[in-house]
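**Q** Return a 3D structure for these sequence lines:
(one chain, ligands or ions: 2)
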Amino acid sequence: MFVQRRLSSSITRVIGWNFKNIRSKNDSLEVTFEEDGKPSKLIMPLAWLRDHCTSKTHYHYPTNQRKSNCTDLMNLSRIEGSDKISMDQNQKSLIIDWIDGHRSVFEIGDVVGKGRKKKGEKMDGVLKLWDSKTLGGVPRIEKSNLSLQSFSENLVKYGVVIIDGIEGTAEATEKLCQSLVPVHDTFFGQFWVFSNSATQDEPAYEDTAYGNEEIGPHTDGTYFNQTPGIQVFHCLTPANVGGDTVVVDSFHCAQILKNKHPEHFETLCNTKIAHHYLEGLRLAARSKVFNPYDRAPYSCLSSSESSASGAIKFYEAYQEFSRICHDHLNALTVSLRPGSVIFIDNFRVLHSRTAFQGYRKMCGCYLSRDNFMAKARPFFDGNVKEFL
Ligand SMILES: C[N+](C)(C)CCCC[C@H](N)C(=O)O
Ligand SMILES: O=C(O)CCC(=O)C(=O)O
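**A** Ligands and ions are numbered 1, 2, ... in the order given. All right, here's what the predicted structure looks like:
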């Protein structure tokens, strides 16, 4: 089965490819080839080639794992004389006879497919960045039309989806979640029932979630090294007034920032801000997602001017990004009611809550992102899978 799959994938890849020329260039090979008739060139380091050898002594096919531990890679990635590099007569394979006598054979399609730098636009083809105008409302799936495919496609594309028609109980919500994706457990518990009036059944933590004030756009768990991948909410008892859920596509906001202020975008991409959760336990982690409330003290003070100006640069960038995330044109508001369960990609979509009056009871959980992506991948085509 493994050989069949490997051959079929490499045959489909190799049809339109032909090696044209191979030239030694320091510790690399300059390989020119034709890709569907168009000339193309790649510089392939010898160490990269040796590291990607798929001979039986270097690659374990039953588990798709490499056998090399790289402890002697550079020494073994040497060749003696240009006659040690050749092509097969069909110009489809590159043959290298290494200094230790080992022979590697590389199919051009395999090497280019694996090694050529991927560009991000393939993922853009799947992710549908949105604002209030382009999306209009959170995608909804009636329980009777629910499938892993409809759930996965919406959650990957938009980062948020609501499933309607669910019984308004914690039990039914938990059952729904478990039917879709394994839970991501944290110290908050595997599945939560919470409200603004803590009781024994609804334990409260020292967090604004357990109050009735407004909470602005944020992602959860920025203080965990394993930030929860998906967040689920089901409102079992709506408040008398307020308590709406507001969601924002932070990738769309990041796109706006990058277009309007590329320097701020770069600053935020390159500045890691520590977050923490302070209570009986103290959790801290560095994180790239957005939660202005759970940021730890920003330890950037020193005697140097440059660290002060670096911090000011960060604050200017963070302020601009936060303003974009708080722009109501980038937000969708949902009044969650019993029966409607919202699933949020916690790495992408920010959630917030409007202030409310009266008693409000919620339930939900975090779901495992890795498990979700493994289930979602089959519904997306080839290249995109690498990004999920
Ligand atoms: C468990 N439950 C979701 C109810 C509340 C958890 C508090 C989440 C915290 N505000 C954060 O942003 O990480
Ligand atoms: O109460 C809500 O609707 C959301 C609370 C919240 O933001 C959170 O738990 O992270």
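**Q** Count the neighbours of Gly159 for me.
**A** Residues lying near Gly159 (other Cβ atoms under 10 Å) number 28. Where you see a C-beta, it was placed from the backbone N, CA and C, and this is true even at glycine.
**Q** cool, and Met373?
**A** Met373 is flanked by 19 other residues according to other Cβ under 10 Å.
**Q** pretty sure it contacts Phe379?
**A** No. Applying Cβ atoms under 8 Å, one finds Met373 not in contact with Phe379, separated by 10.9 Å.
**Q** Roughly how far does the residue in the stretch 101-250 of the chain positioned nearest to ligand 2 sit from ligand 1?
**A** Taking Cβ to the nearest ligand atom, ligand 2 has its nearest neighbour within the stretch 101-250 of the chain at Ala209, 3.4 Å off. From Ala209 across to ligand 1, the span is 4 Å (Cβ to the nearest ligand atom, to the nearest Å).
**Q** On the three-state scheme, that residue is what?
**A** Here Ala209 is recorded as helix under DSSP: H, G, I helix; E, B strand; the rest coil.
**Q** swap in Met44?
**A** Assignment for Met44 (three-state DSSP): strand.
**Q** And it, how close does it get to Ala170?
**A** Met44 sits 56 Å away from Ala170, going by Cβ to Cβ, to the nearest Å.
**Q** For stretch 110-130, buried residues please.
**A** Of the residues in stretch 110-130, Asp110, Val111, Val112, Gly113, Met123, Val126, Leu127, Lys128, Leu129, Trp130 count as buried by neighbour count, 16 or more other Cβ atoms under 10 Å.
**Q** got it, and stretch 362-379?
**A** Buried residues in stretch 362-379 (16+ other Cβ under 10 Å): 362-369, 371-373, 375-376, 379.
**Q** same question, stretch 322-336
**A** Within stretch 322-336, the residues that count as buried by 16+ other Cβ under 10 Å are Ile324, Cys325, His326, Asn330, Ala331, Leu332, Val334, Leu336.
**Q** for stretch 200-220, same thing?
**A** Going by 16+ other Cβ under 10 Å, stretch 200-220 has these buried residues: Glu202, Asp207, Ala209, Tyr210, Asn212, Ile215, Gly216, Pro217, His218, Thr219, Asp220.
**Q** Which two of those have the greatest separation?
**A** Maximum pairwise distance among the buried residues of stretch 200-220 (Cβ to Cβ): 24.7 Å, between Glu202 and Pro217.
**Q** In helices, which of the buried residues of stretch 110-130 fall?
**A** Residues of these located in helices (DSSP state H): Asp110, Val111, Val112, Gly113, Met123.
**Q** from what I can see the residue of the stretch 101-250 of the chain closest to ligand 2 touches Phe194, true?
**A** Yes. Ala209 lies in contact with Phe194 (Cβ under 8 Å); the separation is 6.5 Å.
**Q** Report the closest residue of the stretch 51-200 of the chain relative to ligand 1.
**A** Phe188 (3.7 Å).
**Q** What is the neighbour count of that residue?
**A** Considering only other Cβ under 10 Å, Phe188 is surrounded by 19 other residues.
**Q** What of Trp192?
**A** Neighbours of Trp192 (other Cβ under 10 Å): 20.
**Q** what does Asn90 give?
**A** The tally of other residues near Asn90 (other Cβ under 10 Å) stands at 9.
**Q** Ligand 2 contacts on the chain?
**A** Proximity of the chain to ligand 2, by Cβ under 6 Å from any ligand atom, involves residues Ala209, Ile215, Asp220, Phe233, Thr245, His351, Arg353, Met362.
**Q** what bridges to the closest residue to the second one other than its chain neighbours?
**A** The reference is to Ile215. In this structure, Ile215 finds its nearest non-sequential neighbour in Arg353, 4.8 Å apart by Cβ to Cβ, 6 or more residues apart in numbering. On the basis of DSSP bridges, Arg353 is bridged to Ile215, Thr245.
**Q** Need the pLDDT of Arg353.
**A** Confidence at Arg353, expressed as pLDDT, is 98.
**Q** State the distance from it to Gly242.
**A** Separation of Arg353 from Gly242 (Cβ to Cβ): 8 Å.
**Q** Compare those two and say which one has the larger neighbour count.
**A** Regarding Arg353 and Gly242, a neighbour count based on other Cβ under 10 Å identifies Arg353 as having more, with 25 against 16.
**Q** my read: that one touches Val247, true?
**A** No. With contact defined as Cβ under 8 Å, Arg353 does not reach Val247; the gap is 10.5 Å.
**Q** I'd like the next helix or strand past the lowest-mean-pLDDT helix or strand in the chain.
**A** Least confident helix or strand of the chain, by mean pLDDT, DSSP states H and E, is helix 2-14 with a mean of 37. Going down the chain from helix 2-14, the next helix or strand is strand 17-25, by DSSP states H and E.
**Q** Just give me the closest of the buried residues of stretch 322-336 to Leu281.
**A** Distances from Leu281 to the buried residues of stretch 322-336, taken by Cβ to Cβ, are shortest for Cys325, at 28.5 Å.
**Q** which regions of the stretch 101-250 of the chain lie under the pLDDT threshold?
**A** For the stretch 101-250 of the chain, the stretches with pLDDT under 70 are 119-124.
**Q** Tell me which stretches of it form helices.
**A** Listed in chain order, the helices of the stretch 101-250 of the chain (DSSP state H, counting those that start in this stretch) span 108-115, 121-124, 132-135, 148-158, 170-180, 250-260.
**Q** before we move on, the earlier item: now, among the buried residues of stretch 322-336, which is nearest to Gly136?
**A** Leu332 (8.0 Å).
**Q** Need the CA coordinates for the host helix or strand of the closest one. PDB is fine.
**A** Per DSSP H and E, Leu332 falls inside strand 331-334. In PDB, the C-alpha atoms belonging to strand 331-334 read as follows (Å, rounded to 0.1, in the frame of the first residue of the first chain):
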ATOM      1  CA  ALA A 331     -17.600  42.800  14.300                       C
ATOM      2  CA  LEU A 332     -20.600  40.500  14.200                       C
ATOM      3  CA  THR A 333     -23.000  40.500  17.200                       C
ATOM      4  CA  VAL A 334     -25.000  37.500  18.200                       C
END
